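Student: fold the stuff below for me.
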Amino acid sequence: MSRRDTVNSIFMRKTDTPAPSAGVEKNPDRVRTGAVSAMGASLQEMTEAARAAGRLQAQISSGFSVLEIDPADISNSSISDRIPVERDVDFDALVTSIAEHGQKVPILVRPDPEVEGHYQIAYGRRRLRAAAKLGLKVKAIVQSLSDNELVIAQGKENLDRQDLSFIEKALFAHRLEEAGYPRDVIIAALSTDKADLSRYISVARGVPQTVILAIGPAPKAGRARWLALVDAVSSSPKKVEAIIEDDAFADLDSDQRLQRVLSKMAARDAKKAAGDIWKTRQGQKAAQIERSGNKTRITFDERMVPEFADYLTTRLDELFDEFGAVRPQR
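Tutor: Numbering: from 1, shown residues only. Presented below is the predicted three-dimensional model:
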């Protein structure tokens with residue numbers, strides 16, 4: 001059962017639904033309208049609260065307390081794990097939910113090691129942003145965490161919500177490595193293994209961050225598509241840059257942007273593979289010329305020009321000398 005179905009079943013059990021009026025046909029497909037639809041984000045947060053209840057209860061019983069803190073006193077982690085998007089519908093819904101029903105799930109912070117009275121966030125950035133936007137204090141659990149524990153908590157909270165896309169995980173892993181975190185800490189933060197971590201980092205290294213940020217998180221895309229983009233970038237980085245700079249590119253959603261780049265690069269490769277055709281003066285298609293990187297292949301059609309290939313190969317030295325004579329000096 002999905003998260004939304006689970007929450008809906010809970011919600012419906014707790015709600016007394018009046019019997020339909022006589023002569024009025026009830027359509028269950030219309031239930032998700034008006035106020036019920038507006039509560040979607042609240043129900044989602046209730047689900048997170050239920051999933052986190054055991055962990056939070058253990059923390060509180062161990063001496064942790066939930067405080068209300070001014071968002072201005074909380075700074076973000078130095079390692080970003082998300083790719084910003086132009087419009088975040090889920091965030092807008094979260095703001096509405098907190099405004100109407102309050103914050104249900106506390107965020108986790110640690111005391112700032114350098115600034116007295118300030119904090120650094122481990123997880124709950126969206127709730128922090130929502131509280132700041134509404135001008136509210138944010139409910140937070142304060143816990144002493146080392147740098148390693150901070151990024152592990154940050155990574156695990158996102159994985160629990162299954163919220164990060166493949167490329168966001170790849171970027172997070174790469175940024176942690178660049179910041180000097182050891183591999184075992186990165187593996188713990190992503191709940192992965194050495195082989196997958198290497199794949200994440202290789203993809204993040206293989207695609208310029210400008211390209212990744214232009215495409216966005218692409219939540220439906222897995223490793224295969226991003227590996228295909230690594231190949232596309234390595235074969236023609238300027239072509240990829242030209243695609244993402246197209247004005248129409250920004251009008252697409254994130255997954256469509258990735259697909260646009262891959263489709264255009266595939267069409268380019270197909271055209272390149274087809275190569276050029278050499279025709280005789282009589283219009284016969286006598287040879288196909290294929291160029292790939294620093295190699296060129298000429299394939300003669302022996303039916304159209306029989307024995308011409310043999311003739312050409314016997315004159316290669318002579319033709320090369322002629323080429324050297326007319327080639328501009330460098």
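Student: buried residues in stretch 128-141?
Tutor: By 16 or more other Cβ atoms under 10 Å, the buried positions in stretch 128-141 come out as 128-131, 136-141. Any C-beta I mention is one placed from the backbone N, CA and C, and that applies to glycine too.
Student: can you give me the strands in the stretch 201-330 of the chain?
Tutor: Counting by DSSP state E, counting those that start in this stretch, the stretch 201-330 of the chain has strands at residues 276-279, 285-292, 295-300.
Student: let me know which of those is tucked in deepest.
Tutor: Mean neighbour count (mean count of other Cβ atoms under 10 Å) peaks for strand 285-292 among the strands of the stretch 201-330 of the chain, with a mean of 14.
Student: wait, isn't residue 82 in contact with residue 165?
Tutor: No - counting by Cβ atoms under 8 Å, residue 82 stays clear of residue 165, with 9.3 Å between them.
Student: shared neighbours of these two, anything?
Tutor: Common neighbours of residue 82 and residue 165 are listed as residue 217 (criterion: Cβ atoms under 8 Å, 6 or more residues apart in numbering).
Student: comparing those two, which shows the higher neighbour count?
Tutor: residue 165 (20 against 16; other Cβ atoms under 10 Å).
Student: before we move on, the earlier item: can you add secondary structure and give the buried residues of stretch 128-141 back as JSON lines?
Tutor: Listed next are the buried residues of stretch 128-141 as JSON lines, based on DSSP: H, G, I helix; E, B strand; the rest coil:
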{"residue": "128", "secondary structure": "helix"}
{"residue": "129", "secondary structure": "helix"}
{"residue": "130", "secondary structure": "helix"}
{"residue": "131", "secondary structure": "helix"}
{"residue": "136", "secondary structure": "coil"}
{"residue": "137", "secondary structure": "coil"}
{"residue": "138", "secondary structure": "strand"}
{"residue": "139", "secondary structure": "strand"}
{"residue": "140", "secondary structure": "strand"}
{"residue": "141", "secondary structure": "strand"}
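Student: list just the nearest of those residues to residue 256.
Tutor: Comparing the buried residues of stretch 128-141 against residue 256 with Cβ to Cβ places residue 129 closest, at 25.8 Å.
Student: tell me the pLDDT at the closest one?
Tutor: On pLDDT, residue 129 comes in at 90.
Student: my guess is it contacts residue 91. True?
Tutor: Yes - using Cβ under 8 Å, residue 129 is in contact with residue 91, at 7.0 Å.
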